[in-house]
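Undergrad: predicted coordinates and the sequence they were generated for:
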Amino acid sequence: REGPRGISWNPASVEPELVWAEAQDGGDPDREVDGPRDIVYRQLAEGEASPRVWFHSEHRYSGCSWHEGGSTGIVFESWWRTRNTRWWLVGDMARVAG
């Protein structure tokens with residue numbers, strides 16, 4: 001599906017922060033993409049005008065488990081067709097290159 005999905009709070013963040021993913025293929029897994037399939041964003045609930053790109057996912061973003069302090073998380077991505085699953089340790093300096 002298009003638009004934000006998987007919207008959640010970062011429970012470990014010092015300030016309230018939202019995290020979500022947006023599909024770059026319109027939500028259609030059969031559509032080829034030149035770059036990341038999903039882009040994960042972070043945005044402070046107050047005082048931040050626009051979201052920050054945090055992670056580019058080659059597969060579908062499946063969620064995140066946060067480390068205490070909220071700046072580092074284990075990001076999960078998976079692809080249903082191959083049953084591949086990846087876990088990434090991601091900090092504030094995100095992996096944004098596909």
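TA: Nice, I can see it. Numbers count the residues shown, from 1 in each chain.

Undergrad: only C-alpha atoms for contact and neighbour calcs from this point on.
TA: Noted.

Undergrad: now find how far off-centre stretch 58-77 is within its chain.
TA: 7 Å (Cα atoms, centre = their mean, to the nearest Å).

Undergrad: so where is this protein shaky, pLDDT-wise?
TA: Low-confidence segments of the chain (pLDDT under 70): 93-98.

Undergrad: which strand or helix spans the residue most central in space within it?
TA: Central residue of the chain (Cα atoms, centre = their mean): V40, 2.7 Å from the mean position. If you go by DSSP states H and E, V40 is part of strand 38-44.

Undergrad: in the stretch of helix or strand R5 belongs to, what's buried?
TA: Here R5 sits within strand 4-9, counting by DSSP H and E. Neighbour counts over strand 4-9 (16 or more other Cα atoms under 10 Å) mark W9 as buried.

Undergrad: strand partners of the strand holding V40, parallel vs antiparallel please.
TA: The pairing partners recorded for strand 38-44 under DSSP bridges are strand 17-23 (antiparallel), strand 52-57 (antiparallel).

Undergrad: tabulate the ones you listed (JSON lines), appending distance to H67 and mean neighbour count.
TA: Converted to JSON lines, these look like this (distance: least, Cα to Cα, whole Å; neighbours: other Cα atoms under 10 Å):
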{"stretch": "strand 17-23", "distance to H67": "14", "mean neighbour count": "21"}
{"stretch": "strand 52-57", "distance to H67": "15", "mean neighbour count": "21"}
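
Undergrad: present these as TSV; the columns should include distance to F76.
TA: Below are the strands paired with strand 38-44 laid out as TSV (distance: least, Cα to Cα, whole Å):
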stretch	distance to F76
strand 17-23	12
strand 52-57	9
